[in-house]
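Trainee: sequence and predicted structure below; questions after.
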Amino acid sequence: MKYFSLLLLIVLCVFQFQIWQPHSGLLQQYADIQKEAQAVQQENKLLRHRNQMLAAEVDDLKEGFDTTAEIARSELGFIEKGEILYKLKHD
């Protein structure tokens, strides 16, 4: 029984050392994981906002002709019948 108690004390000391070790202990690993989790949560927040903006743009494209016409004009250079397109060159 004496040896068993000594063995349990040694195991307890080893675990305590692993927990409280300054640079690579379990508490430091926990703090590092918490920082990573906060960074991931911030990135998820930004991505959720971006997804909401894209969903709103998709709804606009599905709902109205105005958005489609605006994109066709600005990105593709389309014009409607009866319109005159003027291109100005800068010197």
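Mentor: Everything's here; your move.

Trainee: which residues does stretch 84-91 contact?
Mentor: Taking C-beta atoms under 8 Å, 6 or more residues apart in numbering as the criterion, the residues outside stretch 84-91 that touch it are G77, I79. Glycine gets a C-beta too; all of them are placed from N, C-alpha and C.

Trainee: let's see 10 Å
Mentor: Contacts made with stretch 84-91 from outside it, assessed by C-beta atoms under 10 Å, 6 or more residues apart in numbering, are listed as R73, G77, F78, I79.

Trainee: need the distance between the two termini of it.
Mentor: This stretch, stretch 84-91, spans 22 Å end to end (C-alpha to C-alpha, to the nearest Å).

Trainee: three-state assignment of K89?
Mentor: With DSSP: H, G, I helix; E, B strand; the rest coil as the basis, the three-state label of K89 is coil.

Trainee: burial count for it?
Mentor: K89 is surrounded by 4 other residues when neighbours are defined as other C-beta atoms under 10 Å.

Trainee: got it, and M1?
Mentor: In terms of burial, M1 registers 5 neighbours under the definition other C-beta under 10 Å.

Trainee: for E43, see how far away it is.
Mentor: M1 sits 55 Å away from E43, going by C-beta to C-beta, to the nearest Å.

Trainee: that older thread, single out whichever of the contacts of stretch 84-91 has the smallest pLDDT.
Mentor: When those are compared on pLDDT, G77 comes out lowest, with 77.
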